[in-house]
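Asks: coords please:
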Amino acid sequence: MPAWIHIGPGEKLELTLHVQPGARRTEIAGLHGNALKIRLAAPPVEGRANAALVDFLAARFAVPKRAVKVVRGEKSREKVVEIAGGSLGHETLFRNP
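Replies: Here you go, the predicted model:
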């Protein structure tokens, strides 16, 4: 399993992410150190980038938005996101939505 993904308490998936807000489009951009890099089309203003990240991950994992939570790094590019339920394989991130 990649270093940026962990199974947390309660079978929740924890992703270590490096987020780049203000990109042209929202997409996975590869690795950034020990984190998965995600580019977001939303600006880093008033929580818009975090909301876009939650929307993106909820769609990729086919879970409701309430199942995706930023647990660390709310105001940072380095984030840890927790996902409950859905398809918990990291391969889910790389499929076409």
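Asks: mind listing the helices for the protein?
Replies: For the chain, the helices defined by DSSP state H occupy 48-61.
Asks: ok, Glu74 - how many residues close by?
Replies: By other C-beta atoms under 10 Å, 9 other residues sit near Glu74. All C-beta atoms are positioned from the backbone trio N, CA, C, and that covers glycine.
Asks: Kindly report the same for Arg24.
Replies: Neighbour tally, Arg24, other C-beta under 10 Å: 7.
Asks: now swap in Arg77 and tell me
Replies: Residues near Arg77, counting by other C-beta under 10 Å: 15.
Asks: how close does it get to Pro21?
Replies: To Pro21, Arg77 is 8 Å away according to C-beta to C-beta, to the nearest Å.
Asks: which other residues reach the longest strand along the chain?
Replies: The strand that spans the most residues within the chain, counting by DSSP state E, is strand 13-20. Applying C-beta atoms under 8 Å, 6 or more residues apart in numbering, the contact partners of strand 13-20 are 3-8, 29, 32-40, 49, 53, 57, 61, 71, 77-84, 88.
Asks: tell me the contacts of the residue lying closest to Leu57 once chain neighbours are set aside?
Replies: Closest residue to Leu57 apart from its sequence neighbours, by C-beta to C-beta, 6 or more residues apart in numbering: Val68 at 4.9 Å. By C-beta under 8 Å, 6+ apart, the residues touching Val68 are Val54, Leu57, Ala58, Phe61, Val81, Glu82, Ile83.
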